[in-house]
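sequence first, then the predicted structure, then my questions.
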Amino acid sequence: MADQPVTILCLASYYKGASFLKAASALGAHVILLTREKNADEPWPRESIDDLLLMPDLHKRPDILYAVSYLMRGRRIDAIVPLDDYDVETAAALREHLRLPGLGETGARYFRDKLAMRTQAAAHGIPVPPFTPVFSYDRLRAYMERTPPPWVLKPRSEAGAMGIKKLHDSEALWRKLDELGDAQSFFHLEQFIPGEIYHVDSLVYEGNVLFAQPHKYARPPMTVAHEGGVFVSRTLPHDGDEARAILDLNERLLGAFALDHGATHAEFIRDHDGQYYFLEVAARVGGADIERLVEAASGLNLWGEWARLEIAYARGEPYEVHPSRHEYAGILVCLARQEWPDMGGYTDPEVVYRVHKKHHAGLVVASADAGRIEALLSQYVERFAADFLAVLPPLDKAPT
């Protein structure tokens with residue numbers, strides 16, 4: 001195996017993971033990208049892709065099984081990597097069908113299906129907000145009698161805050177379920193818990209969490225998604241009480257979910273009484289340029305490390321991770337009124353990265369001084385709101 005290149009099939013329903021493709025290629029892997037036809041003209045790093053394959057839809061079974069099985073008649077595939085959250089379950093189905101290592105369909109559910117992840121977490125003693133499936137109406141009525149509102153009705157397999165509805169009474173819930181009709185079983189209900197939201201971004205190898213960096217959002221992502229505003233997150237010091245609490249929960253969580261290897265992005269909440277709860281986890285690198293936040297603080301590019309990790313696993317080799325620094329970083333991102341916002345006025349030396357995306361303004365700041373990061377984020381969030389901020393209605397599902 002060591003004398004021939006590892007072949008990695010990457011699935012991408014959306015334009016994501018260019019850094020993974022570049023890193024895998026630079027490490028000597030044979031990289032196959034399978035994406036949707038509508039993504040053909042995206043700025044993929046073509047020099048890092050050995051085979052670019054297009055399909056109308058990556059989620060239609062058995063079409064995807066037929067296509068990748070046909071591909072394997074002439075090419076060995078060692079690993080299947082989903083570059084987007086919506087490809088996690090497809091990758092799992094392909095691994096099951098082709099008997100390849102990595103998350104299978106049941107394991108992938110814990111990282112995509114919000115009901116499955118809550119059920120599994122609760123079974124292992126990890127605190128979660130009080131929740132219920134919506135299959136049985138009798139069970140649903142009993143839940144509402146013992147659990148005070150507000151509640152949130154969440155799609156089980158959407159990404160981020162898409163499709164989430166906050167409800168204040170039982171009548172609103174019944175109306176919403178009527179609207180959903182046969183689709184209602186693809187949702188679950190849980191108590192809305194106000195509080196502070198955290199995320200931990202990790203790398204796991206052979207069941208061990210080798211790297212985990214804790215962060216805290218300035219405002220809950222659901223609030224930003226539904227009400228608009230500037231998305232802000234910052235690194236927490238590892239030795240603080242908040243960081244210790246969520247790092248411990250993250251370690252227990254990934255053990256309970258039996259992830260063998262990969263990158264993860266997990267979110268937690270602390271309520272007003274100081275109780276921490278698990279919210280959700282994804283088997284991928286976090287979105288919204290969070291990898292830039294992690295890299296600014298640690299020197300590690302999560303996409304690149306994930307590629308290195310997958311190649312080591314395919315070769316049966318050990319994998320180690322070595323952050324090159326331990327600093328503090330913060331990120332700000334928002335929708336912008338301008339097609340290409342001019343961020344030339346943000347000239348502080350702590351600015352280490354600027355987002356380059358249509359109708360988006362964003363930057364990352366880094367410093368050895370946590371107080372300096374706090375001050376810059378506080379100052380910049382007000383300036384972003386005045387200089388760039390645009391607000392659009394939230395999406396109920398990902399665009400097709």
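Great, that's in hand.

do a quick rundown of the helices in the stretch 151-300 of the chain.
According to DSSP state H, counting those that start in this stretch, the stretch 151-300 of the chain carries its helices in the segments 170-180, 221-227, 241-256, 290-298.

ditto for the stretch 1-150 of the chain
Using DSSP H, counting those that start in this stretch, helices in the stretch 1-150 of the chain cover 18-26, 63-71, 88-98, 105-109, 114-123, 137-146.

okay, and the helix or strand of this structure with the least pLDDT?
Least confident helix or strand, the chain: helix 221-227 with a mean of 74, by mean pLDDT, DSSP states H and E.

mind checking how far it is from the chain centre?
16 Å (CA atoms, centre = their mean, to the nearest Å).

quick one on the thing from earlier: out of the helices of the stretch 151-300 of the chain, which one sits most buried?
Most buried of the helices of the stretch 151-300 of the chain, by mean neighbour count (mean count of other CB atoms under 10 Å): helix 290-298, with a mean of 25. Heads up, the C-betas are built off the backbone N, CA and C, glycines and all.

what is it packed up against?
strand 196-205, strand 208-217, strand 231-235, helix 302-315, strand 328-335, strand 351-354, strand 360-367 (3 or more CB pairs under 8 Å, 6 or more residues apart in numbering; DSSP states H and E).

so the longest one versus helix 18-26, what angle?
Regarding helix 302-315 and helix 18-26, their directions subtend 40 degrees when assessed with axes from the mean of the first three to the mean of the last three CA atoms, to 10 degrees.

got the CA coordinates for helix 302-315 in PDB?
What follows is helix 302-315, C-alpha atoms only, in PDB (Å, rounded to 0.1, in the frame of the first residue of the first chain):
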ATOM      1  CA  LEU A 302      -8.300  21.400   9.700                       C
ATOM      2  CA  TRP A 303      -9.000  20.600   6.100                       C
ATOM      3  CA  GLY A 304      -5.300  19.800   5.500                       C
ATOM      4  CA  GLU A 305      -5.000  17.800   8.700                       C
ATOM      5  CA  TRP A 306      -8.200  15.800   7.800                       C
ATOM      6  CA  ALA A 307      -6.500  15.000   4.500                       C
ATOM      7  CA  ARG A 308      -3.300  13.900   6.200                       C
ATOM      8  CA  LEU A 309      -5.300  11.900   8.700                       C
ATOM      9  CA  GLU A 310      -7.300  10.000   6.000                       C
ATOM     10  CA  ILE A 311      -4.200   9.200   4.100                       C
ATOM     11  CA  ALA A 312      -2.400   7.900   7.200                       C
ATOM     12  CA  TYR A 313      -5.400   5.700   8.000                       C
ATOM     13  CA  ALA A 314      -5.600   4.300   4.500                       C
ATOM     14  CA  ARG A 315      -1.900   3.400   4.700                       C
END
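
so, low pLDDT: which residues of this protein?
The model of the chain has pLDDT under 70 over residues 1-3, 159-161, 225-226, 394-400.

mind giving me the domain split of it?
7-105, 130-191, 196-387 (automatic domain parsing).

so which of those is nearest residue 120?
domain 196-387 (6.2 Å; CB to CB).

gap between the two ends of that closest one?
27 Å (CA to CA, to the nearest Å).

how far off centre is that domain?
Going by CA atoms, centre = their mean, where domain 196-387 is centred and where its chain is centred differ by 10 Å.

geometric centre of this protein: which residue is closest?
residue 286 (3.7 Å; CA atoms, centre = their mean).

you'd agree it is up against residue 213?
No. Using CB atoms under 8 Å, residue 286 is not in contact with residue 213; the gap is 10.3 Å.

mind listing the shared neighbours of these two?
201, 294 (CB atoms under 8 Å, 6 or more residues apart in numbering).

partners of the closest residue to residue 165 other than its chain neighbours in the sheet?
Once flanking residues are discounted, residue 165 sits nearest to residue 153: 4.7 Å by CB to CB, 6 or more residues apart in numbering. Following DSSP bridges, residue 153 is listed with bridge partners residue 165, residue 189.

which residues sit against stretch 182-193?
114-115, 118, 128-135, 140, 143, 147-157, 166, 173, 177, 180, 269, 271, 277.

which of the residues you listed are buried?
114-115, 118, 128-134, 140, 143, 151-157, 173, 177, 180, 269, 277 (16 or more other CB atoms under 10 Å).

any buried residues in the biggest helix by length in the chain, and which?
If you go by DSSP state H, the chain has its longest helix at helix 370-387. Using 16+ other CB under 10 Å as the test for burial, helix 370-387 gives 370, 372, 373, 376, 377, 380, 381, 384, 387.

got the angle between it and helix 290-298?
Going by the same axes, to 10 degrees, helix 370-387 makes 150 degrees with helix 290-298.

which helices and strands does helix 370-387 pack with?
Helix 370-387 packs on strand 231-235, strand 328-335, strand 360-367, going by 3+ CB pairs under 8 Å, 6+ apart.

so what touches it?
Counting by CB under 8 Å, 6+ apart, 218, 229-230, 232, 234-235, 237, 328-330, 332, 334, 341, 345-346, 348, 350, 361, 363, 365-367 sit against helix 370-387.
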